[in-house]
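Only the shape, not the letters, is given here:
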C-alpha cells in the first residue's frame with residue numbers, strides 16, 4: 001500500500017487482526033501504557049501514524065482505542081470520505097511525518 005494517511009473513516013484489517021478497525025485520527029502519541037504482544041509497555045515515546053477504534057462498535061471504551069502504523073494494515077475494507085482538503089492534508093503529513101516522528105521519539109517534543 002503506497003498511500004499513507006488514508007481518510008478518516010476508512011475501515012481496515014490489521015496484520016493478524018480479528019476485528020475491523022476504523023481510522024479516527026492521525027499522528028498518535030500514546031500517553032498511557034501501550035500493549036505490545038500482550039505485555040504492557042509504560043510511557044514508550046513513540047508516534048504512530050493512525051489512531052482507531054474497533055468497528056462497528058466505535059469508541060465504547062477508551063481502553064479499546066488503538067494506535068498503529070500504515071505498514072500494519074493488511075487490507076483496506078472500506079475507504080473513508082475523500083475530498084481535496086483531505087488529499088492536501090495527506091500530502092502535507094506525508095512530507096513532514098518522518099521529521100516530526102524522529103524528533104518526538106528522540107527528544108519527546110515537537111517544538
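Yep, it's here. Bear in mind the structure is a predicted one, so any value in this text is a computation, not a measurement. Numbers count the residues shown, from 1 in each chain.

Mind jotting down where the helices sit in this structure?
Taking DSSP state H as the criterion, the chain carries its helices at 84-107.

pLDDT weak spots in the protein?
Scanning the chain for pLDDT under 70 picks out 1-3, 31-38, 40-44, 108-111.

hmm, try it at 90
1-4, 27-47, 60-66, 87-111 (pLDDT under 90).

Number of residues surrounding the closest residue to residue 12 other than its chain neighbours?
Once flanking residues are discounted, residue 12 sits nearest to residue 73: 4.8 Å by Cβ to Cβ, 6 or more residues apart in numbering. Where you see a C-beta, it was placed from the backbone N, CA and C, and this is true even at glycine. Residue 73 has 22 neighbouring residues, counting by other Cβ atoms under 10 Å.

what about residue 73, distance to residue 64?
18 Å (Cβ to Cβ, to the nearest Å).

Check residue 16 too.
Residue 16 sits 17 Å away from residue 64, going by Cβ to Cβ.

returning to what we had before: check contacts around the residue nearest to residue 12.
1, 6, 12, 13, 14, 15 (Cβ atoms under 8 Å, 6 or more residues apart in numbering).

of residue 16 and residue 64, who's got more company?
Between residue 16 and residue 64, counted using other Cβ under 10 Å, residue 64 has the larger neighbour count: 13 against 7.

Mind listing what's buried along stretch 50-65?
Within stretch 50-65, the residues that count as buried by 16 or more other Cβ atoms under 10 Å are 50, 51, 52, 53, 54, 55, 65.

mind checking the end-to-end distance for it?
In terms of Cα to Cα, to the nearest Å, the two terminal residues of stretch 50-65 are separated by 11 Å.

List the contacts of it.
6, 11-12, 19-26, 28, 66-70.

burial measure for residue 24, as a count.
So residue 24, with other Cβ under 10 Å, has 19 neighbours.

hang on, isn't it packed against residue 8?
Yes - applying Cβ atoms under 8 Å, one finds residue 24 in contact with residue 8, separated by 6.4 Å.
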